[in-house]
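[1] Whatever this is, show me its structure:
(one chain, ligands or ions: 1)
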Amino acid sequence: MNDIKNIEESVRQILNTLDPNFGEMEKTPARVAKVCGELFSGYGQDPAKVVNAFYNSEMNELVILKNIDFESCCEHHMVPIVGVASVGYVPRGKIVGASKIVRIVDCFAHKLQLQERLTMEIAQCLETLLDSLGVAVLIVAEHFCISHCGVKKPHARLVTRYFTGILKDNYQLRMEFLQEVMEKRT
Ligand SMILES: [Zn+2]
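    The predicted structure follows:
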């Protein structure tokens, strides 16, 4: 992140407003700026460059990577979104290293986000990079602006799904994906 000093200065102003004698927190603005660099590392990242491990394969059945923990930040309130993403695809001659799927999720999650957009962005990115027969993404997440602020419903979870290609059109295949990823997490 280029303008890390700007973030530091903004945090200093917030702290000053909250407590003009924030002396003991003198190092806090620098720490927050550093954390922002981590949480918002998705800005300026090109997923196509992050993901470069493709392999030719005759595999043509549904491939799933499930239970990908992620953290993001709500663009409406700037508070955490903490959730789990599951991704599936049906290859068309090309597969991707599984850890690269995680990198794609993080690449889009590490920005200010809306869960609905995050779900679509992950699916569309994989679709483009893999030229697969279809992609499925399911995200279940806690939004702190719902669980800890405002309406304060600690158990509410937002569930979003997005399907492309054969996973959108083929009901049975879509159900196979959902059944697999919704199974109790172990
Ligand atoms: Zn929010």
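
[2] secondary structure class for R161?
    strand (DSSP: H, G, I helix; E, B strand; the rest coil).

[3] Contacts only, for it.
    For R161, the contacting residues are 119, 136-139, 178, by C-beta atoms under 8 Å, 6 or more residues apart in numbering. In this view, the C-beta of every residue, glycine as well, is placed from N, C-alpha and C.

[4] out of those, which are inside helices?
    119, 178 (DSSP state H).

[5] Compare the contacts of R161 and tell me which has the most neighbours.
    Greatest neighbour count in the contacts of R161, by other C-beta atoms under 10 Å, goes to V137: 30 neighbours.

[6] hang on, isn't it packed against V84?
    No: with contacts counted by C-beta atoms under 8 Å, V137 stays clear of V84, the gap being 11.5 Å.

[7] Okay, domains of the chain per the record?
    4-39, 47-182 (automatic domain parsing).

[8] can you pull out the helices in this structure?
    4-18, 28-39, 47-50, 98-109, 115-130, 144-147, 165-169, 171-182.

[9] I'd like the mean pLDDT over stretch 163-176, please.
    Computed over stretch 163-176, the mean pLDDT rounds to 97.

[10] Oops, could you answer that again for stretch 76-90 instead?
    97.
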